[in-house]
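Engineer: Just need the structure, nothing else, for what follows:
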Amino acid sequence: MPAVDQELINGRYRLRREIGRGTTGAVYSAFDETLGREVAIKILDPSVADPRLAGRFEREIACTALLQHPGIVTVFEAGQAPDGRRCYVMGLARGRTLGEHIDKQRGLDEGNGGMSLLERIGLFLKLLQIVEYAHSRHVVHRDLKPGNIMLGAYGEVWVLDWGLAKNLREEVGELEGDAGQAFDQLFGETGGPKRGAATVILPGDGSGTQRTAAAAPAPAPEATAMAATMRVAAGGEATRTHSSRTHLGAKQTHHGELLGSPAYMSPEQAAGRADSVDRRTDIYALGVILYEILTLRTPCELEPGEPLSALTDRVRLGQRVLLSARWPDAPRGLCDILEWALATDPGDRYPDCETFATELRTLLGQLAESYAEHERLRMAREREGAWSPAGEWDFAAKPGLGPFSEPGTARRAEPVGQVMHPELGGLLVGGWGLQIYPLAVPVGDDVRLEIEFDVRHGAEVWLMLRGVPPQPAYQFRIGAYGGRWLMVARANSGADRDVVEPEVLTLRPLRHRGAGPDTTAKRSLGRCRAVIEAVGSTLTLTLDGGEPLTVQDPCPLAGPLHRQMAFATWEAHAIIRHVAVHRRRSPLMQPAYAVANGLLDQNLFAHAVHAYRRFLVEHPGTTEAVEARFMLCLALLRSGQLKLAERELRGLLSDALDSPVAQDAIFELARLVMAQARSLDKAVRVVLSYQESGDFVRSRFALTLVGGLGQRLHDHGLDDDLLADLDRVKLLIKGSPDLEPMRATISQVLSLRAREHLFTLLDRESHDQVVAFRAGLARIAASGFALRGVEQLTRFEYLDVARRTLTASDPKRTRAAMRREAGDPYAVSTWLRDCLSLIAIGGGPQVGAALVGDNDPLAMVV
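Structural biologist: Predicted structure coming up:
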């Protein structure tokens, strides 16, 4: 790296070291001597002799300065380096590039720090928001790639290096001359590609210098093989190892007549059609980035020994590897989205980033259930301990109704109740028609029911999960059709026909003990032990420890309306001897909780609410459940379901007031009550009603109120309602160990707003309103809030002062009238107003005589 001149740039910025390179120049870290902060300075590369490239640097400055977004570094000013080269100063983004992040993901699975599918898409949605903003300002980047995207340590995402950006409002094209000739010059097999420096890299520790390319032209390097192990995005899927071959030149920025990085270049860029570049060009590059985030590879890669011209040919013709080829288990919807984004014809791509993002958010909602189900199934296979008991009843050992405490119902017959029969050793149920006996056990979507029973008359017993008529339900029939079949079916409604003749999902002949399938006569079931499970969309029936009968329902019943279960008999009597119910527990908590949080982050409120509710049913009584319940409240608040949110918040505080999240719940409840009732009094009562809330909640809520109270003071003055609300704030902070700092803070905010309102009254010369306002200020002072700078005089009062001081021509009396009080900015402001007002009345000489010695006006202002 060449030596850096240590002279200041623009008289304030001292260069430190080179930290990266962009398409048009080098980037240095620097120190702002004026404000004492670190900045970045990009200096035009001295090797750039082409006037068009120098002009591009000027356009880069203009485009970057035009874009004011948290995801784009701020341009502070432009200038010249000590050697006369053009430069500009911008904010310093610390972190690592998306390219480095992707490299790190290779070899990691989700359990070891790898990103889940939800996290990958969430990261990409942040990137879409930044580019969408740039497009709204009519700027296209034209060189989007992981090396130009920075990830901060706290979730920040920045898009860097706008050196190839184009303002679509500009009419001057960048393509001149014959495109074919330019293509040959750039990518002909006899010559090496022009390799412009590519990436600005800002290490997280601020040390070291890294470059991704040399500034001078160089021959294409040999392809390097990179062995990588990756776990595909949907968490927990099988690990695959592949050998990924990449070419450094394919991912670098090439400039000349073809602009962009070949691996991320759109077909129209590869064809040299610069005049056709628009938002859809960036859409294509974003599609490549999403593809790489998901698979850790790009759809078009440079093969060993292949010239760059061959790669650009394939890009131009749309010859790329489909997502489904790299990731066979990729969701079909995701494959379709990438096909739209990577369409060869720009007219077939998404028209804008907003549409792209909407499609992805919709997909997230669709994948949420299947993703959670995948996690449940995988972890269930790994740990049987995922099931926890919800209840167990031995009717032979302990007579009673157990979970069958609710009245039974019947179809095609009168209901026959359940009766405990000690002599028979169990609970006697059954009768004519279909007799249904619900189990009063709270469960989630995923449930296991184990039951032992004897069939004394008849040959058919039904077990129902995820619903009981009149609701849709799954039926696990033992002895269906005269004792001949095991069957899993789905009743889609509560109508008699649907219940008795449901949609059959699967069935197989019932094998009796020691015999083959009996298809000729009805058989008695005798004593049975059945285990039925519903896990996501998978339904399983196991009879007497035999081979499970399993089926997948592509559109499973799920949700709060499908969490009932029942035992039923069809034209039979049975004795129930033992029942055990299990539900999902700890091993599956985090995946389900993570899905819900991810959905909330993406504003998919309905899906998030559903996921939180399912989690709460499956994991009651846990610490995570309390946190999930609070997150459910936030999801309801953000979705506008205020009444339901209030009920959930009050329920949470009733059940878990000693939890750490209770303070946040009190705060949110108070804000909600104030918004709904438009009453500060009711909100304060909510906070004070929970004595366990502590000083933190009261102080936090009081500070939240101050801004609104100050605005009311500015707009309407000190009316009775505002004064009453200030008394309520005083009640909130009473007894707080931070009482004095709280009073000072509130007083400072109110002082500013009170002065603004008072000046409005003085400008109107509203004498009566000024008098009333001063009376209100006296009430505030009596409450303990010391407002400063509100001792302003009216024009008539200044006239009276002038009569008393100017006629006497006594500097001491004039100084007293000017109310000097050093060290207080509010008092200095009042003093200046007194001076100017007296001068305006005609007391210039007297004021001048008073401003002598230690009353120097410049010193007072400073």
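Engineer: quick one: contacts for Ala645?
Structural biologist: By Cβ atoms under 8 Å, 6 or more residues apart in numbering, the residues touching Ala645 are Cys633, Leu636, Leu637, Leu672. (C-beta placed from N, C-alpha, C; glycine too.)
Engineer: which stretch of helix or strand covers Thr814?
Structural biologist: If you go by DSSP states H and E, Thr814 is part of helix 811-817.
Engineer: who wins for neighbours among the contacts of Ala645?
Structural biologist: For these, neighbours were counted by other Cβ atoms under 10 Å; the highest total belongs to Cys633, with 27 neighbours.
Engineer: Low-confidence stretches in the stretch 151-300 of the chain?
Structural biologist: For the stretch 151-300 of the chain, the stretches flagged by pLDDT under 70 are 170-260, 274.
Engineer: Direction included, what does the host helix or strand of Leu505 pair up with?
Structural biologist: Under the criterion of DSSP H and E, Leu505 resides in strand 503-509. According to DSSP bridges, strand 503-509 has the following sheet partners: strand 485-491 (antiparallel).
Engineer: Am I right that Phe356 falls within a helix?
Structural biologist: Yes. Going by DSSP: H, G, I helix; E, B strand; the rest coil, the assignment for Phe356 places it inside a helix.
Engineer: quick one: it and Gly431, what's the gap?
Structural biologist: In this structure, Phe356 and Gly431 are 60 Å apart, going by Cβ to Cβ, to the nearest Å.
Engineer: same check, this time on Ala662
Structural biologist: Here the distance between Ala662 and Gly431 works out to 50 Å (Cβ to Cβ).
Engineer: for Asn597, same thing?
Structural biologist: With distances defined as Cβ to Cβ, the gap from Asn597 to Gly431 amounts to 49 Å.
Engineer: Gln471 now?
Structural biologist: If you go by Cβ to Cβ, the gap between Gln471 and Gly431 works out to 22 Å.
Engineer: Pick out whichever of the two has more residues nearby.
Structural biologist: Set side by side, Gln471 and Gly431 show more neighbours around Gly431, with 19 against 16, by other Cβ under 10 Å.
Engineer: How about the contacts made by that one?
Structural biologist: Each residue near Gly431 by Cβ under 8 Å, 6+ apart is listed here: Ala410, Ala413, Glu414, Pro415, Val416, Thr569, His573.
Engineer: please redo it, this time with the cut-off set to 6 Å
Structural biologist: Contact partners of Gly431, counting by Cβ atoms under 6 Å, 6 or more residues apart in numbering, are Val416.
Engineer: quick one: secondary structure of it?
Structural biologist: With three-state DSSP as the basis, Gly431 sits in strand.
Engineer: hey, what's it bridged with?
Structural biologist: Ala572.
Engineer: Looking at the contacts of Ala645, which is nearest Glu77?
Structural biologist: Looking at the contacts of Ala645 and their distance to Glu77, the nearest is Leu637, at 42.6 Å (Cβ to Cβ).
Engineer: so which strand or helix has the residue lying closest to that closest one once chain neighbours are set aside?
Structural biologist: Distances taken as Cβ to Cβ, 6 or more residues apart in numbering place Ala645 nearest to Leu637, at 4.6 Å, with adjacent residues excluded. Element membership of Ala645 [criterion: DSSP H and E] is helix 642-655.
Engineer: What residues sit buried inside that helix?
Structural biologist: Buried residues in helix 642-655, counting neighbours by 16 or more other Cβ atoms under 10 Å, are found at Ala645, Glu646, Glu648, Leu649, Leu652, Leu653.
Engineer: and if you look at stretch 768-779?
Structural biologist: Gln769, Val770, Phe773, Gly776, Leu777.
Engineer: model confidence over it, on average?
Structural biologist: Averaged over stretch 768-779, pLDDT sits at 86.
Engineer: what sits up against it?
Structural biologist: Contacts to stretch 768-779, defined as Cβ under 6 Å, 6+ apart, come from residues Gly717, Leu718, Leu723, Leu761, Val790, Thr794.
Engineer: and if you look at stretch 622-630?
Structural biologist: Surrounding stretch 622-630, the residues in contact under the criterion Cβ under 6 Å, 6+ apart are Met589, Tyr593, Tyr612, Phe615, Leu616, His619, Leu652, Ala656, Ser659, Val661, Ala665.
Engineer: Equivalent analysis for stretch 472-492, please.
Structural biologist: 459-467, 498-499, 502-508, 510, 519, 522-523, 525, 532, 539, 541, 549, 551, 557.
Engineer: can you give me the end-to-end distance of that stretch?
Structural biologist: For stretch 472-492, the separation between the terminal residues is 5 Å (Cα to Cα, to the nearest Å).
Engineer: now it, how far from the centre of its chain.
Structural biologist: From the chain centre to the centre of stretch 472-492 is a distance of 44 Å (Cα atoms, centre = their mean, to the nearest Å).
Engineer: and it, which residues are buried?
Structural biologist: With burial defined by 16+ other Cβ under 10 Å, the residues of stretch 472-492 counted as buried are 472-480, 482-491.
Engineer: which residue is nearest the middle of this structure?
Structural biologist: Within the chain, the residue whose C-alpha comes closest to the C-alpha centroid is Asp601; the distance, by Cα atoms, centre = their mean, is 2.7 Å.
Engineer: For Ala781, see how far away that one is.
Structural biologist: Between Asp601 and Ala781 the distance is 47 Å, computed by Cβ to Cβ.
Engineer: And for Thr362?
Structural biologist: Distance of Thr362 to Ala781, given as Cβ to Cβ: 58 Å.
Engineer: Over to Val609?
Structural biologist: Summarising the geometry, the distance separating Val609 from Ala781, computed by Cβ to Cβ, is 48 Å.
Engineer: Compare those two (neighbour count), which wins?
Structural biologist: Comparing Val609 with Ala781 by other Cβ under 10 Å, the one with more neighbours is Val609, at 22 against 13.
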